[in-house]
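K.L.:
Return a 3D structure for these sequence lines:
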Amino acid sequence: MDGEKNKTLLLVEDDSVVSMVESMQLNAEGYTVIQSRCGEDAIAIMASGKEPIDLILMDIDLGSGIDGTEAAREILKKRDIPVVFLSSHTEKEIVEKTEKITSYGYVVKNSAITVLDASIKMAFKLFEAKTKEKEKNAALRKSEARFRNIVEAADEFIFEVDSRGVITFISDRIRDILGYDPGQMAGKTIFDFTESSETGDRMKLLFAEGLRRRRSFRNIEQKCLARDGSRKVLLASAIPFFNENGETEGYQGAVRDITESKRGSESLQLQSAALDQTEDLVTTTGLVRSLMLLYDRLYQNPNENGVSVREYLTTLIGKIAGIFPHKAGVRIETRIEDATLNAKILSPLGLIINELMTNSMKHAFGDGSKGEITVTVSKKEKRMSVTFEDDGPGLPESVTIEKSPGYGFQLVHMLVKRINGVMTVENHNGTRFLIEFEP
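P.N.:
Numbers count the residues shown, from 1 in each chain. Sure, this is the predicted structure:
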């Protein structure tokens, strides 16, 4: 007995003899049949919910009461269920009455049981396909709403531009950073918001060169004008995306406002040279992957409160390590106690891990030497601890996180402050970073 059988059918037929014969034939095919003599009774049976009915076989002409099309219409107002109409009429006007109702077939009475059985099977298949499509669309709408919420919760604004630099998407966070409504950005280019025309021209050259060489941008520092005329210092990272022919279609990326940090730290330098550096391309890939992985996890995650720290960080660490060709010589161990965190914490935490991982892979083990990296996450009461350590040569004595000449450690310091955390660094038999914060 196949999958369409073992179903319960409601047969709505006013002729008791016809109803009995059809019921017997359908029973022989493996269906359970409940009989109803009129449209009003069929509506009452469906409204009661006492019977597990999977499909309705509805006669159109039901005598003195309401006809089958009206009964079907009333039932479908309250329940989505496949309806197959039965009639001895084939006149155009009769058939057209059923076309105004969501139905899954029209079978002429006295057709062989094989015809009726095939129509029922097809109705179930069509209904199943329709149901799956509705569920898919509902899930997509929910996911899109969740994704929008996550994007707007991030400190960065997310953007996409085409190969001309025209903005095709920008998140609402742009309002807080530059004061523009996303709708006002439509049709404009990223060059329209630079501090001066000369700056815009330099950006165009950089952008064109990036497209030509299919390269990513890493921490490009740029001065832009906000809507109120104030100057903002922004830090952008972006990766190219391609069409099915492998041609560069544009860039997707994230932009952070570093205006306040810039005012307090003269050592932050313009990063435009990063476009030509292979090692910065590697770091960029890790940066963008950490953001995209977070959005992907939150996009698909049914838990609206956040994402599993263990799942996110374990996957992220693996992806970052996979960027480096000498990864086989570095053993990576994770000891991550599971917890759920929202995007405002996971976004900077992922970027911190990206920077520390990249630094270790490039500098501690960049010469191909073997080593070990350990990432530990634990939670005690309301306090969470994240430890990142490697057994490399350690940091030079002259380097501290607060006074590092490199941008990476300054970014780590800034991100730790963003989550209201405290970081300590130990430089003995390798380097050990301990970050503590309250989620």
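K.L.:
Pull the number of nearby residues for Lys380.
P.N.:
The local packing of Lys380 (other CB atoms under 10 Å) involves 9 other residues. Every residue, glycine included, has its C-beta placed from N, CA and C.
K.L.:
what's the answer for Leu206, then?
P.N.:
Leu206 is flanked by 15 other residues according to other CB under 10 Å.
K.L.:
How is it assigned, secondary-structure-wise?
P.N.:
Under the three-state scheme (DSSP: H, G, I helix; E, B strand; the rest coil), Leu206 adopts helix.
K.L.:
Look up how far Gly246 lies from it.
P.N.:
Computed as CB to CB, to the nearest Å, the Leu206 to Gly246 distance reads 22 Å.
K.L.:
Show the pLDDT at the nearest residue to Gly179 once chain neighbours are set aside.
P.N.:
Beyond its immediate neighbours in the sequence, the residue positioned closest to Gly179 (CB to CB, 6 or more residues apart in numbering) is Arg227, lying 3.5 Å away. pLDDT recorded at Arg227 is 90.
K.L.:
got it, and the one 10 residues further on?
P.N.:
With respect to pLDDT, Ser237 scores 88.
K.L.:
residues contacting the closest residue in space to Ile66 that isn't next to it in sequence?
P.N.:
Once its chain neighbours are removed from consideration, Ile66 has its nearest residue in Gly39; the separation is 4.1 Å (CB to CB, 6+ apart). The contact partners of Gly39, taken as CB atoms under 8 Å, 6 or more residues apart in numbering, are 12, 62, 65-68, 70-71, 74.
K.L.:
Kindly write the ChimeraX command that selects the buried subset of those residues.
P.N.:
Only the buried members of the contacts of Gly39 enter the following ChimeraX selection, criterion being 16 or more other CB atoms under 10 Å:
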select :12,62,66,67,68,70,71,74
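K.L.:
Which of the contacts of Gly39 fall in helices?
P.N.:
Filtering those for membership in helices, criterion DSSP state H, returns 68, 70-71, 74.
K.L.:
picking that back up, show me what contacts the residue nearest to Gly179?
P.N.:
With CB under 8 Å, 6+ apart, Arg227 has these contacts: 178-180.
K.L.:
go again using 10 Å as the cut-off
P.N.:
When contacts are counted by CB atoms under 10 Å, 6 or more residues apart in numbering, Arg227 is found next to 174-175, 178-181, 184, 193.
K.L.:
TSV for those residues, including pLDDT and distance to Val255?
P.N.:
As requested, the contacts of Arg227 are arranged in TSV below (pLDDT from 0 to 100; distance: CB to CB, whole Å):
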residue	pLDDT	distance to Val255
Ile174	87	8
Arg175	88	13
Leu178	90	9
Gly179	91	14
Tyr180	91	13
Asp181	90	16
Gln184	83	16
Phe193	86	11
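K.L.:
Which members of those residues are classed as buried?
P.N.:
In terms of neighbour count (16+ other CB under 10 Å), the buried residues within these are 174-175, 178, 193.
K.L.:
Among these, name the ones in strands.
P.N.:
Judged by DSSP state E, the subset of the buried ones among the contacts of Arg227 located in strands is empty.
K.L.:
Show me the residues you listed that map onto helices.
P.N.:
Secondary structure from DSSP H places 174-175, 178 of the buried ones among the contacts of Arg227 in helices.
K.L.:
the strands in the stretch 51-200 of the chain, which residues?
P.N.:
With strands called from DSSP state E, counting those that start in this stretch, the stretch 51-200 of the chain shows them at 55-59, 83-87, 106-108, 157-162, 167-170.
K.L.:
Report all helices and strands that the shortest one contacts.
P.N.:
Applying 3 or more CB pairs under 10 Å, 6 or more residues apart in numbering; DSSP states H and E, we find strand 106-108 packed against strand 83-87, helix 92-99, helix 113-153.
K.L.:
Sketch out the low-pLDDT regions of the stretch 1-150 of the chain for me.
P.N.:
Segments of the stretch 1-150 of the chain classed as low confidence (criterion: pLDDT under 70) are 1-5, 89-91, 94-95, 98, 143-150.
K.L.:
so what's Asp15 up against?
P.N.:
21-22, 37, 59, 61-63, 109.
K.L.:
Tell me the most packed of the residues you listed, by neighbour count.
P.N.:
In terms of neighbours by other CB under 10 Å, these top out with Asp59 at 27 neighbours.
K.L.:
and that residue, how far is that from Ile174?
P.N.:
Asp59 sits 60 Å away from Ile174, taking CB to CB as the criterion.
K.L.:
Leu55 too?
P.N.:
As for Leu55, its distance to Ile174 is 51 Å (criterion: CB to CB).
K.L.:
What of Arg215?
P.N.:
The separation that Arg215 has from Ile174, given CB to CB, amounts to 25 Å.
K.L.:
Tell me where this structure has helices.
P.N.:
In order along the chain, the chain carries the following helices (DSSP H): 16-28, 39-48, 68-78, 92-99, 113-153, 174-178, 182-185, 197-213, 259-264, 278-300, 309-322, 343-359, 407-418.
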